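Visitor: sequence first, predicted coordinates after that:
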Amino acid sequence: MPFSHPWLLALLLLPIGLAVFAHRHGGRKIPLPFDHQPLPRARLLGFLLKSADLLPLLLLAIAITLLAGPRRFEQPRNERQLTNILFCLDVSLSMTAPFGSGSRYDAAITAVNDFITFRKGDAFGLTVFGSNVLNWVPLTSDVSAFRCAPPFLRPETLPTYVGGGTMIGLALRESEKTLLSSDSGDRMIVLFSDGESYDLDNGQDLAIAQSLKANGIKLYAIHIAEGGVPDSVAVISNITGGETFAAGDPAALKSIFSRIDEMQKAPLKRVTPDPVDFFQPFALAGLGIGSLYLLTLFGLRHTPW
């Protein structure tokens, strides 16, 4: 059993020495007339008297043990590892196109908020892009900023230098930098876009994919528009170990997030148990011995005559 202050256990020699001394030098020192009479010896009573004399020494030993700080290890447990999830959201003007009862942007930001509601314990970030990139929410487990984001990031209200075009390659590079700032945990990007990007041409898609893969970042791409996912985005997803999805309506968008949650389960790790104080058994033993010694004082003692 570990102790916080094991050196204090050396003081246990004190009650042990006192017990040996009491055993060797105990008994009456004044001879009485009946000491030399042929009286039967009460062996049981003598044993009980000697045992009662040792009770205070046992209390002293328990007090020393408590001062030494007995400890024990907690039961090993599994702990959920952190997953860093960065949402990369297209806010170009084409995202204002009708989609279900709202726009493509409305459906995307609603799906993001729904996902982070039941995917608790992870770190989330939000990056929006058009012609340029804006890191709106840094990686954090406090998702309150996501709730406030929808009215401020609407494509029709953003400056034209942010939401004018669709620069997916630039957005992925900036997202990679953001994820690499996290010290631990898995990393993934969830890309929302409704168009193609010319900055993924001429082999740029392969370069970005190889970089993301080397840094352990998976890309899940969601295409919110008619048709399929652009080939360049599909190449990046496949190389990084992610997947691509086409969302034809808001219901399909929700099912996509359920699919992502199933594919990207939060890993568990075995946590080394920490030592904690272990006073209870010693305290109970001390309480019991003290109560017993108190009872012996009411009658179990050497007769003084």
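Guide: Arrived safely, thanks for sending.
Visitor: what residue spans form the domains of this structure?
Guide: According to automatic domain parsing, the chain comprises the domains 1-26+43-70+279-305, 79-265.
Visitor: what's the most buried one of those?
Guide: domain 79-265 (a mean of 18; mean count of other Cβ atoms under 10 Å). Using the backbone N, CA and C atoms, a C-beta is placed for each residue, glycine as well.
Visitor: chain center to that domain: distance?
Guide: 26 Å (Cα atoms, centre = their mean, to the nearest Å).
Visitor: still on that earlier bit, make TSV out of the domains of the chain and add mean pLDDT.
Guide: TSV is the format used below for the domains of the chain (pLDDT from 0 to 100):
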stretch	mean pLDDT
domain 1-26+43-70+279-305	79
domain 79-265	84
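Visitor: could you say which helix or strand contains R187?
Guide: Assigned by DSSP states H and E, R187 belongs to strand 186-193.
Visitor: which secondary structure elements does the following helix or strand past that strand contact?
Guide: Scanning forward in sequence from strand 186-193 by DSSP H and E, the next helix or strand is helix 204-214. If you count contacts as 3 or more Cβ pairs under 8 Å, 6 or more residues apart in numbering; DSSP states H and E, helix 204-214 packs onto helix 168-180, strand 217-223, helix 231-240.
Visitor: now the angle from helix 204-214 to strand 217-223?
Guide: Put simply, helix 204-214 runs at 130 degrees to strand 217-223, going by axes from the mean of the first three to the mean of the last three Cα atoms, to 10 degrees.
Visitor: quick check: the gap between the closest residue in space to L18 that isn't next to it in sequence and A22.
Guide: Distances taken as Cβ to Cβ, 6 or more residues apart in numbering put L57 closest to L18, at 5.4 Å, once the chain neighbours are dropped. L57 sits 8 Å away from A22, going by Cβ to Cβ, to the nearest Å.
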